[in-house]
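Student: build the 3D model from these lines:
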Amino acid sequence: MDLFSKAEEANRQSAQPLAARMRPQTLDQMVGQSHILAPGKLLRRLVSASRVQSILLYGPPGTGKTTLARLIASETKSAFRQINAVTSGIKELRESLDWARDELSVTGSRPILFIDEIHRFNRSQQDALLPDVESGTIALVGATTSNPFFAVNGALLSRSQIFELMPLSDQELTQLLQRAIQDPQRGLGRYNIQVDPAALKYCARIAEGDARRALNALEVAVLSSNRVPIELTVELMQESMQKKVLQFDPTGDQHYDMASALIKSLRGSDADAALYWLARAIESGEEIRFLTRRLVIFASEDIGNADPTALGLAVATMQACEFVGLPECQLNLSQAVIYLALAPKSNSATSAIAAARKEVQLGNLIPVPVHLRDGHYAGSNQLGHGIGYQYSHDAPDAIAAQDYLGVDRQFYQPTQRGYEQELAVRYQEVRSKLKPNQLNDQ
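Tutor: All right, here's what the predicted structure looks like:
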């Protein structure tokens, strides 16, 4: 590299944002992801042995997927090529595969093809990778923010090892920020900065595990200050932190994960957690109809007859949201979520219909008892249909002691929670009146 090339490289590096300049240059400098990179962990072992074949790195933004891909290439001394599935089509993909074949033929070493946002490739583009992945021509490293089990073809999944990258902890982000402040070459060490530790803690907390966001905010705070020395305070960091744009894919795993968290919080009677997940869903742009459908289902699935009014409230909420719309319908949703979370819980209705359907699915098809069959058409008397049926309203308590099934079955198992306690008493009273005429299940 001549003098001009060195100068050009230095200029390019100086123009990079802080997050790019502070990328670790070895695996030992990598902060976070110890569950896959600590000594003895699988990915670390594969890299140390230069046995990386095809892997998928899955995790939220700012967790180091691109950095890790580059470090894998560096540590294994492999040729490296990067393409982005958002901007690359089948033409660029085929060119990259041709490059990989040439590289393998000339050097005898398998190159690494890194595909960022691999979930954005369609099925045919993902399928085009299979022959070279199977033959070992390339070591594929794919990065995705979407759950690969939703976003990547099964054929490619079966040939790849999946490593999930986790959001960095506040402590890990604080470590990164301190490193950036102290580094005079790649970081901000050449500036005279007086650091309030509370400012770094605030930045780490608000960044929510995203190293890129934390470092970008730090750089904005330092470069925008006109004081000497620069006083890095909580107030300065608050001004420098942009509101995070919540990622949301209505067909991806985050959609299902947030819905799952909301329902499980409701089931667990944690109103505060349920409100948080509701807020996350609303802020992310979740479809309101999807939310209200889930609440209507939940009212019967998990509350049922422990509080029969819950279903009516959920349906009313669905109708109110259709009528009112956002932003005001968030009030209807909030009211419903609080009520459903605190309502007594029973899944007996869910269990009852499941038990009854299982009986049918197993082939235990019970014929309709003759006295319950339709007796309103001409000739039904000759068949005996409807004969012997007792009209329930003629009985003093509107319960006629007669058999309605033909065998003795109990699908409904009432709980002793909420209003269902009263239904349980009523249920046993009714069964005791009906049972004398029920047939024993032989």
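Student: please name the nearest non-neighbouring residue to residue 225.
Tutor: Leaving aside its chain neighbours, residue 225 sits nearest to residue 236 (6.5 Å; criterion: Cβ to Cβ, 6 or more residues apart in numbering). The C-beta positions use only the backbone N, C-alpha and C, and glycine is treated the same way.
Student: ok, now which ones touch the one you found?
Tutor: Neighbouring residues of residue 236 by Cβ atoms under 8 Å, 6 or more residues apart in numbering: 199, 221, 225.
Student: against residue 195, how distant is it?
Tutor: 11 Å (Cβ to Cβ, to the nearest Å).
Student: what pLDDT does the model give the nearest residue to residue 392 once chain neighbours are set aside?
Tutor: Excluding the flanking residues, the one nearest residue 392 by Cβ to Cβ, 6+ apart is residue 400, at 4.7 Å. As predicted, residue 400 sits at a pLDDT of 79.
Student: after the top helix by length along the chain, which helix or strand is next? Please name it.
Tutor: Ranked by residue count under DSSP state H, the longest helix found in the chain is helix 90-107. Per DSSP states H and E, the first helix or strand lying C-terminal to helix 90-107 is strand 112-116.
Student: and that next one, average pLDDT?
Tutor: Mean predicted lDDT for strand 112-116 stands at 94.
Student: what sits up against that strand?
Tutor: Contacts for strand 112-116 (Cβ under 8 Å, 6+ apart): 52, 65-66, 69-70, 72-73, 76, 78-86, 96-97, 100, 121, 138-143.
Student: domain map for the chain?
Tutor: Here the domain parsing of the chain from automatic domain parsing is 33-164, 170-240, 266-342, 349-437.
Student: tell me how far the shortest one lies from the chain's centre.
Tutor: Translated: domain 170-240. Distance of domain 170-240 from the chain centroid (Cα atoms, centre = their mean, to the nearest Å) equals 30 Å.
Student: contact partners for residue 203?
Tutor: Residue 203 touches 173, 177, 214, 217-218, 237, 241, counting by Cβ under 8 Å, 6+ apart.
Student: so which of those residues wins on neighbours?
Tutor: Sorting these by how many neighbours each has (other Cβ atoms under 10 Å) puts residue 214 first, at 30 neighbours.
Student: sorry, back to before: mind giving me the ChimeraX command for buried ones among the contacts of residue 236?
Tutor: In ChimeraX, a selection of the buried entries from these looks like this (16 or more other Cβ atoms under 10 Å):
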select :199,221,225
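Student: quick one on the thing from earlier: which SS class is the residue nearest to residue 392?
Tutor: The three-state label given to residue 400 by DSSP: H, G, I helix; E, B strand; the rest coil is coil.
Student: and the one 4 residues further on, by the same measure?
Tutor: Three states are possible here, and by three-state DSSP the one that applies to residue 404 is coil.
Student: roughly how far apart are the residue nearest to it when sequence neighbours are not counted and residue 380?
Tutor: With sequence-adjacent residues excluded and distances taken as Cβ to Cβ, 6+ apart, residue 404 is closest to residue 372, at 6.6 Å. As judged by Cβ to Cβ, residue 372 and residue 380 stand 12 Å apart.
Student: with that, I have no additional questions.
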